[in-house]
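In: dropping the sequence and predicted coords here.
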Amino acid sequence: MINVDALYDAIELVFTWHTLMWIAIGVTIGVGVGAMPGLTATTGIALMLPLTFTMDQAAALGLLIGLYKGAIYGGSISAISFATPGTSEAAATVFDGHKLMTRGKGKKALLIALYASVTADFLSDVITILIAPMLALVALKFGPSERFWLMVLAVCLLGALSGSHFAKGMLSAAMGLFIGTIGADPVSSIPRNTFDLWWLGEGIHLIPLVVGIFAMGAMLEKIVEMSTVKQKVQRLGGTVKGLFSMGGEGLSFREYLSCWKEMSIGLGVGTFVGMLPGLGSTVGAFLSYGIAKQASPEKKIGTGKIEGVAAAEAGNNATVGPTLVPLLAFGIPGSAVAALIGAALMLQGATPGPRMFELFPTVIYSLFLILILGNFFNLGIGRVFAFVYAKLGELPPQVLVPIVMGMAVIGAYSYANNEWDVLVMLVFGIIGLFMRTFRIPEAPLIITFLLAPQAEENLRRGLLINEGDWVATLMNSPLAIGLAIAVVALTYISTRMRISERMTEIADDAEAAEAEAKAEKTS
Amino acid sequence: MKLMKLTALAAMGASLAFAAPAFADGHFPNATIKTIVPFGAGGGTDRWARVMSSAAFDVFGHGMHVQNRGGAGGTIGWKYMMDQKADGHSILMASPTPVMAALIEKNPPYDPAKVRIAAYYSVMKPTLVAPKGKPYSTWAGLVEYLKDDSNKKLTIGGTMTQLLGPASLLAQLGLEKRVILVPYSGTGKAVNDYLGGHIAMVNVTTSTAVGLADKNAIVVNASSLEYNKKAKAAMGDVPNAVTLGLTPFDPPRFVAMHPDTPDEQVAAMGKKMGELLNTKSVKRLIGKLGEDIVYKDSAESEAAYKQVLAEAQKYLPLFQ
């Protein structure tokens, strides 16, 4: 039931120049923060929180929500322009986005990233507003057993990301699995696989890993290329002058519409992942990308397609609204960002909890209005950033390589002001170079690194709760059983598909060889 | 000769005056205070640091520069504090997490016992929550339930720090084997599993317990402290460790300093922290965040910290 008076009050509060200005400031800062590797939405919001102490309710929410939305999109800008994901959730955008950039279609890639982000974000906000309490109840059904099967299902769904060479995909996944086990044991907190290095006690952080593998790895590869192939010297002056021109291949409305399927996948996956505590937008992006790739093999996602960018970006931005679902429905923050927004609400006198809709309807409606409005600001401000960065990505390698390497070092350090993270990033840069040289796909490493520790944590927690009874742990509820069946069915179907694909390839090769031999004979 | 003596004395006095620490002239601190938060931006400790730093100029005459040095369960930030000069101008906003991380680590980078505590700024009150209408919805009911071996073991979720509260109370009654402690990396995840019925009980902070009090039973407060008025109104009369005649577990939030920091500077910093926590704006903001200020000066804090350390060492093996 809508409280009309409260809605009217919220409209009056939000549609003031003052509040709109703070939303714009939030989005601008957010896009900048997101584009800078290492600086995340959480860091940005935490740093801005003290500023809200003296602000009114709507302005404070405008600044923080705007920043959140901007940062999630901003990560894709540097991912596309420099193959350097500004935030970990933009790592999946690198695969297609940067390939488009190297083909001179950077502007197109940045625009589809922006439009897919805003579309999925907007629609997931609407879903959040309409059915937040219902979504929250669904999330509660997922306990340790259900979450374990969900992780296994996600890993199975992402088989497509292993590329054409299955063995190399498995090697990459195994590396991710091992790296994911470094650090504190998820149940007893005892450090393991740390090589007796105390600073590895908490494990490897996602940001230095992603920045190392993608950005530093790519730059090291460029250095190797530059030293082996004679590079054509480019005139820097002309390039810099071109930075502010509006040229470049744009995105047509038809192209935007052609990505509807990938955006829908991103919307569905992102909304679901966002409302579950602990998963986050990075998982949303990779899952959405993997599912889109499997759903439309004919689109050849992964070879530099706008559909790949759309799937990844829709997947991460669709988590923004639903992340707030557990906070608004139960007062439980499901992520660090939700905790900060919860703190901001408390500072404004509105304690998040089950009675929030009843006790603070104006605050809730203001929050919803800002969630929706933030998308429009993101659209406008994001476009400005996109054009500038699209040109920056076209800088000659002699200029680009040191800039990106510098950004990678600063990004790895600024994530936690921790010098060891820089070392970790450099090590992963070398591993990234090794993977590129031997054409080992990066995605399985990132996915298993992200999901395997969560799967282990949930399995071990389930075993702890069920006193070591495996059957009770794994078949805990009808939902867990359903997910387990889905895992088996999916593995069977994808294996069959892979075998038939391979058989077709072999048959095609044989036919081609036969035709070639016939042609030779006749000639 | 007399003149020479006088000159020597004057020279000695002058050199002492110049060499004396800044607090001797009543101006301590005399520079910005490096405030190390051993976690990433955005957590509970970070919020305390940022709220306190907002009023620092009024009390210290200098700012508090908050630096997040997260990683390795807070040990990186603690180690960073140990690498700073022991001049009183670097403080660590600590919680039990880096203490426990060091206790668990095989080769810890520091000894958590070797640290100076300038002040406690808060003490958490680990609060056990259960569904209403269960035989274990009250403390007496819980004890009876656990004493009966025919009953199933009960699962209690929460962060490791929070779980040490009920673990210590139940261990004092010899009932620790009748519960399964389920550690979580964050309170939110534990509450989610509790509300979904995946675990029997959850141990949380006061602010979370207040939010849950409407539809759940508040079983016990494992600390020695009383709840504030607002929390009492929401949760009713909840027994705490002292009223139950048990040794409490009081996990602190505290300001730590380098172990070589002179006593006078530790005491002066502790006193200033008391003034800072007493400012109107800090009290208002902390209250709005649903937290309680619990101030102890350096002498009281160091004694209380020793006890917490001993309790943690005693009960941490329950998780392994």
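Out: Looks like it arrived, so ask away.

In: hey, let's count contacts and neighbours off CA atoms from now on
Out: Will do.

In: which secondary structure elements does whatever helix or strand A:Thr282 lives in sit against?
Out: Using DSSP states H and E, the element containing A:Thr282 is helix A:280-295. If you count contacts as 3 or more CA pairs under 8 Å, 6 or more residues apart in numbering or on different chains; DSSP states H and E, helix A:280-295 packs onto helix A:91-102, helix A:144-157, helix A:260-275, helix A:306-317, helix A:443-465.

In: and the first one, how far from the chain's centre?
Out: Looking back up the chat, that one is helix A:91-102. Helix A:91-102 sits 13 Å away from the centroid of its parent chain (CA atoms, centre = their mean, to the nearest Å).

In: and it, what does it pack onto?
Out: Contacts defined by 3+ CA pairs under 8 Å, 6+ apart place helix A:91-102 against helix A:57-82, helix A:106-140, helix A:280-295, helix A:306-317.

In: ok and the residue in chain A nearest chain B?
Out: Closest contact between chain A and chain B, by CA to the nearest CA, is at A:Glu202 (3.9 Å).

In: re the thing from before, of the helices and strands packed on helix A:280-295, flag the one that's most buried.
Out: Mean neighbours per residue, mean count of other CA atoms under 10 Å in any protein chain shown, is largest over the helices and strands packed on helix A:280-295 for helix A:306-317, with a mean of 36.

In: which strands and helices sit next to that helix?
Out: Under the contact criterion of 3+ CA pairs under 8 Å, 6+ apart, helix A:306-317 touches helix A:57-82, helix A:91-102, helix A:106-140, helix A:260-275, helix A:280-295.

In: enumerate every residue touching B:Ala86.
Out: Contacts for B:Ala86 were tallied using CA atoms under 8 Å, 6 or more residues apart in numbering or on different chains; they are B:Met257, B:His258, B:Pro259, B:Asp260, B:Thr261, B:Pro262.

In: tell me the mean pLDDT for the lengthiest helix in chain A?
Out: With secondary structure taken from DSSP state H, chain A has its longest helix at helix A:478-522. Mean pLDDT, helix A:478-522: 82.

In: also stretch A:175-192?
Out: Stretch A:175-192 comes out at a mean pLDDT of 81.

In: same deal with stretch B:48-63?
Out: In this model, stretch B:48-63 has a mean pLDDT of 88.

In: quick one on the thing from earlier: turn the helices and strands packed on helix A:91-102 into TSV, columns for mean pLDDT.
Out: Output for those, formatted as TSV (pLDDT from 0 to 100):
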stretch	mean pLDDT
helix A:57-82	88
helix A:106-140	86
helix A:280-295	85
helix A:306-317	92
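
In: before we move on, the earlier item: from the chain's centre, how far out does the longest helix of chain A sit?
Out: How far helix A:478-522 lies from its chain's middle: 30 Å, per CA atoms, centre = their mean.

In: stretch A:58-70 too?
Out: In terms of CA atoms, centre = their mean, the centre of stretch A:58-70 is found 20 Å from the chain centre.

In: residues touching that stretch, excluding its own?
Out: Contact with stretch A:58-70 is made by A:13-14, A:18-20, A:22-32, A:34, A:41-42, A:44-45, A:48-49, A:52, A:317, A:320, A:337, A:341, A:344-345, A:363, A:366-367, A:370-371, A:374-375, A:377-378, A:382, as judged by CA under 8 Å, 6+ apart.

In: show me how to select, in ChimeraX, the buried members of those.
Out: Buried residues among these (16 or more other CA atoms under 10 Å in any protein chain shown), as a ChimeraX selection:
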select /A:13,14,19,20,22,23,24,25,26,27,28,29,30,31,32,34,41,42,44,45,48,49,52,317,320,337,341,344,345,363,366,367,370,371,374,375,377,378,382
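
In: so who does the residue of chain B found nearest chain A touch?
Out: Going by CA to the nearest CA, chain A is nearest to B:Ala72 of chain B, at 3.9 Å. If a contact means CA under 8 Å, 6+ apart, then B:Ala72 has A:Trp198, A:Trp199, A:Leu200, A:Gly201, A:Glu202, A:Gly203, B:Ala101 as its contacts.

In: mind checking which of those land in helices?
Out: Judged by DSSP H, the contacts of B:Ala72 include B:Ala101 as members of helices.

In: compare the contacts of B:Ala72 and tell me which is most surrounded.
Out: Among the contacts of B:Ala72, the one with the most neighbours (other CA atoms under 10 Å in any protein chain shown) is A:Gly201, at 30 neighbours.

In: that residue against A:Pro186, yeah?
Out: No: in this structure A:Gly201 lies outside contact range of A:Pro186 using CA atoms under 8 Å: 11.7 Å.

In: now the stretch 151-300 of chain A, which segments are flagged as low pLDDT?
Out: The stretch 151-300 of chain A contains residues with pLDDT under 70 at A:158-164, A:187-189, A:229-249, A:278.

In: quick revisit: from the contacts of stretch A:58-70, which land in helices?
Out: Per DSSP H, the subset of the contacts of stretch A:58-70 in helices is A:13-14, A:18-20, A:22-32, A:34, A:41-42, A:44-45, A:48, A:317, A:337, A:341, A:344-345, A:363, A:366-367, A:370-371, A:374-375, A:377-378, A:382.

In: what about the residue most central in space within chain A, is that helix, strand or coil?
Out: Most central in chain A under CA atoms, centre = their mean is A:Glu89, positioned 2.3 Å from the mean C-alpha point. On the three-state scheme (DSSP: H, G, I helix; E, B strand; the rest coil), A:Glu89 is labelled helix.

In: so what's the residue count around the nearest residue to it once chain neighbours are set aside?
Out: Excluding the flanking residues, the one nearest A:Glu89 by CA to CA, 6 or more residues apart in numbering or on different chains is A:Thr282, at 3.8 Å. A:Thr282 has 27 neighbours, counted by other CA under 10 Å.

In: I'd say A:Thr282 and A:Asn317 touch.
Out: No: with contact defined as CA under 8 Å, A:Thr282 does not reach A:Asn317; the gap is 9.8 Å.

In: chain neighbours aside, what residue packs nearest to B:Tyr121?
Out: Spatial nearest neighbour of B:Tyr121, chain neighbours left out: B:Tyr295 (4.7 Å); criterion: CA to CA, 6+ apart.

In: the helices in the stretch 151-300 of chain B, which residues?
Out: B:160-172, B:187-195, B:206-212, B:229-235, B:263-277, B:280-288, B:298-315 (DSSP state H, counting those that start in this stretch).

In: tell me the most buried of those helices?
Out: helix B:187-195 (a mean of 24).

In: which other residues reach that one?
Out: Contacts of helix B:187-195 (CA under 8 Å, 6+ apart): A:140, A:142-144, A:277-278, A:332-334, B:157-159, B:184, B:199-202, B:204.

In: what's the spacing between it and its chain's center?
Out: Centre-to-centre, helix B:187-195 and its host chain are 22 Å apart (CA atoms, centre = their mean).

In: likewise stretch B:155-162?
Out: Distance of stretch B:155-162 from the chain centroid (CA atoms, centre = their mean) equals 16 Å.

In: could you tell me the end-to-end distance of it?
Out: The first and final residues of stretch B:155-162 sit 14 Å from each other (CA to CA, to the nearest Å).

In: that one vs chain A: in contact?
Out: Yes: Stretch B:155-162 is in contact with chain A by CA under 8 Å from any CA of the partner chain, via B:Thr155.

In: any residues touching that stretch, and which ones?
Out: Applying CA under 8 Å, 6+ apart, the set of residues contacting stretch B:155-162 is A:465, B:96-97, B:126-127, B:163, B:179-187, B:190-191, B:194, B:199-205, B:251.

In: what does the helix or strand hosting A:Glu255 contact?
Out: If you go by DSSP H and E, A:Glu255 is part of helix A:253-258. Under the criterion CA under 8 Å, 6+ apart, residues A:Ile112, A:Tyr115 lie in contact with helix A:253-258.

In: swap in stretch A:182-195?
Out: Counting by CA under 8 Å, 6+ apart, A:181, A:200-204, A:453, A:456-457, A:460-461, B:101, B:104-106, B:182-184, B:319-320 sit against stretch A:182-195.

In: need the CA coordinates for that stretch. PDB is fine.
Out: Taking Å, rounded to 0.1, in the frame of the first residue of the first chain, the C-alpha atoms of stretch A:182-195 are listed here in PDB:
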ATOM      1  CA  ILE A 182      45.600 -19.000   0.200                       C
ATOM      2  CA  GLY A 183      44.800 -17.300   3.500                       C
ATOM      3  CA  ALA A 184      42.600 -18.000   6.500                       C
ATOM      4  CA  ASP A 185      40.600 -21.200   6.600                       C
ATOM      5  CA  PRO A 186      37.000 -20.200   6.200                       C
ATOM      6  CA  VAL A 187      35.800 -21.900   9.400                       C
ATOM      7  CA  SER A 188      38.700 -22.000  11.900                       C
ATOM      8  CA  SER A 189      40.500 -18.900  10.500                       C
ATOM      9  CA  ILE A 190      43.800 -20.700  10.700                       C
ATOM     10  CA  PRO A 191      46.100 -19.600   7.800                       C
ATOM     11  CA  ARG A 192      46.900 -22.100   5.100                       C
ATOM     12  CA  ASN A 193      49.000 -22.200   1.900                       C
ATOM     13  CA  THR A 194      50.600 -18.900   3.000                       C
ATOM     14  CA  PHE A 195      54.200 -20.100   2.400                       C
END
